[in-house]
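Student: Sharing a sequence plus its predicted fold:
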Amino acid sequence: MSKETAQLIIDGTTYTLPIVESTTGEKALDVRSLLRQTGYITLDSGYMNTGSCESQITYLDGSKGILRYRGYDIEDLAANCVFIEVAYLLLTGELPTAKELDRFKYDMTRYALIHEDMIHFFDHFPPNSSPMSILSTMVGTLHDFYPEMDKEEDPYGGLTTTTARLLSKLRTIAAFSYKKNIGHPLVYPRADLSYCANFLNMMFDRPNMPYKVEPINVIALNKLLILHADHEQNCSTSTVRLVGSAGVGLYPSISAGINALWGPLHGGANVAVIRMLEGIYRDGEDYDKYISKAKNPDDPYRLTGFGHRVYKTYDPRAKLIKEVCQAVLETLNVTDPLLNIAQELEYRISRDDYFVSRNLYPNVDFYSGIIYRAMGIPTNMFTVMFALGRLPGWIAHWQEMNSDKESSRIGRPRQVYKGITNRPFVKIEDRG
Ligand code: SDX
C-alpha cells in the first residue's frame, strides 16, 4: 500500500481514498471503502479503468509493448524455453530446474490419456460441431471422471495432479476432437514424444500414411503456445477467476474460460482474421474497400486482428509471431497468398490516420492463423490452439484467486439501475 492518498469531495464532504502502488510503479485508487464511506459506487462499462485484483503472474505495459511472465520478458522465454517450461513458471512462479522439468514432462506423459468412456462422447456431437464447444464440454466432464482432490499433495508448489492432468488431457481432447471430426482413427499419445510433437503426431499421424514430425513445426508450436500462455486480466482469464470465485472447481472454471475465449472479439479473432483475409483475396485484393468499411462508423465491419484494449503500440507477441510465420513458411517452402495480403494490409493500416490515431496495430491473432495453416491445422481449430496455450495462465490465475481470503471473495459487480422506478401491480384481468 502506498502512503499516498486521494481526496474525493462529494456534496462538500471530503473523503480520503488510499492509493495502491504496483511493484512496477503504476498506481491505483483503492475504492474498496468507497460505498461504505460515501454511499457511491463506480461505473466502468467493460472495466476499462478498473482493476479486479492484485496479481503476481503477468505484467504488461500497453504503451511500451512490454509483456513479462513472472518477471521474465516474453522475448527471452520464447527464444529459450519450451512451452511446458513456461507453463511450470506460470504455475509455480519459478522456472524449473532440469530435474523438475523432467518430472513435469513425465507427468505430461503419465496423464495424457483420457478415460475411454469419454471417447464415446465424440460420437454424439452433431457433425461439424465447433471444436470449441466440444472442448468446453469435454473439460467440464473431466470433473466427473477425475474428481478433483480438494486437498491433494502438491509435489512442487502449485503443480498438483489436477493441474498436470488438465494440461496434458486438454492436448489429447483437442487432437481427438479433430480426428473424430474428419472421421479418422484416433492416434494415441506416445511416451517418446515431447508435449508439442505428441500433439502434432496425434493430429496428423495415420495408419496408412505415417506422419513425420517436422522440427520447425515443433519449434514454432512451442513459441506460439508460449506467446499465448497468459495475458493478465483478459476476458477469458477474468471469467475463470469470476466463475472460480463462487467456489467452483478448476475444470468447470476452465470450461467457462474456454467459452469466453471463443468470442470473435477475443480468442475467436484468429479464425475471423483468416476469414477476413480469404474474403479480401477472393475479392481481388480490394484493400481500399475493406479499409473503408472498417473506418465507416455506420458499418459494423472491423478489420479483425487489429486493435487491443491494452496495447496502444505493436503487440509484442504479434512481432514475434510474424517472425515465426516467415521462418515456418521459408523452412517448409510454403507460400501462402494470405501472408502477402496480411503484410500489405498491415502496411496500408500503418499509414492510415484512422488507425494510427486510434493506436490500432496488429495483435496476437493477426499472423498466428497463417502459421497454423502452414502446419496443416484447420481454421476451425485455431481458437482451440489459443486455448491450449492459454491454459497454464488460466490455471495460475484460478490458483492465485483461491490463494487468499481477499482474492477469493466472490465476484459480484454492482450496477447503475436505469429502469422503471416503482409502479402498482396490475391483475391480468385489468391489463387490457
Ligand atoms: C485478444 O485483452 C486481452 O489481453 C486479449 C488478448 C489475450 O491475449 O487474451 O490479447 C487476445 O482478444 C486480442 C484481440 C482480438 N480481437 C480482435 O482482433 C477483434 C478486432 N479488434 C477490435 O474489436 C477491438 O480492437 C478490441 C475488441 C480488441 C478492443 O476493443 P476496445 O478496447 O473496446 O476498443 P474500442 O472498440 O473502443 O475501439 C476504439 C476505437 C473505436 O473507434 P471510435 O469509436 O473511437 O471512432 O478504435 C476503433 C473503434 O471503432 N477500432 C477499430 C478496430 N478496433 C478498434 N476500427 C476498425 N478495426 C478494428 N479492428
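Tutor: Cool, got the structure. Numbers count the residues shown, from 1 in each chain.
Student: CA atoms for contacts and neighbours, from now on please.
Tutor: OK.
Student: buried stuff in stretch 350-362?
Tutor: Neighbour counts over stretch 350-362 (16 or more other C-alpha atoms under 10 Å) mark Ser350, Phe355, Asn359, Leu360, Tyr361, Pro362 as buried.
Student: quick one: Gly376 from Thr141, how far?
Tutor: Applying C-alpha to C-alpha, to the nearest Å, the value for Gly376 to Thr141 is 29 Å.
Student: Which residue of the two possesses the greater neighbour count?
Tutor: More neighbours surround Thr141 than the other of Gly376 and Thr141, with 16 against 12 (other C-alpha atoms under 10 Å).
Student: Make sure I have this right: that one is in a helix.
Tutor: Yes: assessed by DSSP: H, G, I helix; E, B strand; the rest coil, Thr141 belongs to a helix.
Student: Make 59 the starting number, not 1.
Tutor: Let's use 59 as the start, then, which means that last one is Thr199.
Student: What are the neighbouring residues in contact with Pro189?
Tutor: Ala232, Ser235, Tyr236, Asn438, Met439, Val442 (C-alpha atoms under 8 Å, 6 or more residues apart in numbering).
Student: which SS class is the last one?
Tutor: This means Val442. Taking three-state DSSP, the label given to Val442 is helix.
Student: how would you label the residue nearest to Gly120 when sequence neighbours are not counted: helix, strand or coil?
Tutor: With sequence-adjacent residues excluded and distances taken as C-alpha to C-alpha, 6 or more residues apart in numbering, Gly120 is closest to Tyr369, at 3.8 Å. Per three-state DSSP, the local secondary structure of Tyr369 is coil.
Student: if you count residues, which strand in this protein comes out on top?
Tutor: If you go by DSSP state E, the chain has its longest strand at strand 71-79.
Student: Which positions within it qualify as buried?
Tutor: For strand 71-79, by 16+ other C-alpha under 10 Å, it's Leu75, Pro76, Ile77, Val78, Glu79.
Student: what's it packed up against?
Tutor: Contacts defined by 3 or more C-alpha pairs under 8 Å, 6 or more residues apart in numbering; DSSP states H and E place strand 71-79 against strand 63-68, strand 85-87, helix 92-96.
Student: repeat that with 7 Å
Tutor: When contacts are defined as 3 or more C-alpha pairs under 7 Å, 6 or more residues apart in numbering; DSSP states H and E, strand 71-79 packs onto strand 63-68, strand 85-87.
Student: Turn these into CSV, including distance to Leu335.
Tutor: Shown next, in CSV, are the helices and strands packed on strand 71-79 (distance: least, C-alpha to C-alpha, whole Å):
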stretch, distance to Leu335
strand 63-68, 48
strand 85-87, 40
